[in-house]
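J.: Predicted model follows, preceded by the sequence.
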Amino acid sequence: VTASLVAFEQGPPLINGAQAAFIRVPAFTAAENGLNLTMPTKPVGNEGYINRYTMVWDILLPWDVSWTPFFNTAPNNSNDADFYVSDTGALGIGALGYSQAGVVQPDTWYRIVFAANLVAGRVTIYVNGTPVHSRTGASLANGRFALYSGLDSGPDVRLFNEPTGGYTHELLVNSFAFISRELTPEEVASMGGPTAEGIT
C-alpha cells in the first residue's frame, strides 16, 4: 500500500545548489503505512535488543513545520512514534526532552542525526553536525528506544508514521543511514550538513 503513495523525484529543491534525488513521503493517514527497515544487526552480548545505534536523515519539510515522526521502534506501528519534529520546529520526544524550538525550518534541507547508547542512558540529537539536544541519565537499555534485530522475524523499525495519523507531515527524504553503534560527536561533526551525494 505504501509503495503507491511515495514518489521518487529529482530536485528542485536543490541541496547546496545541486540537483538531488529524493523520495516524497506523504502525510500518512493509515497506521499500516510507513517505510519498513529490516537489518541484519544483532544485539551486543545477551542484551536482547539493539541498544547502540545511530540513524541519519537528509530531509526537508515542505511548506511549513508541524509534527513529523522519524521512526517507531514498534515495527507494526502499534504505539506512538519515538522521535519527532514538533509543531514548533523542535526535535525530540517527551521521554527524552526536546531541542530548542526552530531548529527545523520549512523548505530547508537538514542532516538530522539520532545517536544512542541506551546502556549508558545517552541519546544525542544533531542538526548539520551540531548537537542540539542531549539526554543523559539512567540506563534506557532494552526499553522504549531499543530496536528489534536480525534475530527477530519481520521488519525491525517503522519510519515516518504515527499510528493516530494526526502527527504526520509530508517530507522529502534524500538519504537515510543506519549505523549499528553510537557515532561520536567528532564523527557527526565531520559529516556536516546534507549533500546531494548522500550521507555515506
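T.: That came through fine.
J.: Return the residues in contact with residue 200.
T.: When contacts are counted by C-beta atoms under 8 Å, 6 or more residues apart in numbering, residue 200 is found next to 175, 177. C-betas here are computed from N, CA, C, even on glycine.
J.: Quick check: it vs residue 74, distance?
T.: Between residue 200 and residue 74 the distance, using C-beta to C-beta, to the nearest Å, works out to 27 Å.
J.: Tell me where the model's unsure across the protein.
T.: Low-confidence segments of the chain, defined by pLDDT under 70, span residues 1.
J.: Helices along that one, start to end?
T.: Using DSSP state H, the helices assigned to the chain run over residues 185-191.
J.: Show me the strands in it, by range?
T.: Along the chain, counting by DSSP state E, strands occupy 7-10, 21-25, 35-37, 52-60, 68-72, 83-85, 91-93, 97-98, 110-117, 122-127, 130-135, 157-159, 171-179.
J.: Give me the nearest residue to the residue nearest the centre of the chain, chain neighbours excluded.
T.: Closest residue to the average C-alpha location of the chain: residue 70 at 3.9 Å, with C-alpha atoms, centre = their mean. Residue nearest to residue 70 in three dimensions, not counting chain neighbours: residue 83, with 4.4 Å by C-beta to C-beta, 6 or more residues apart in numbering.
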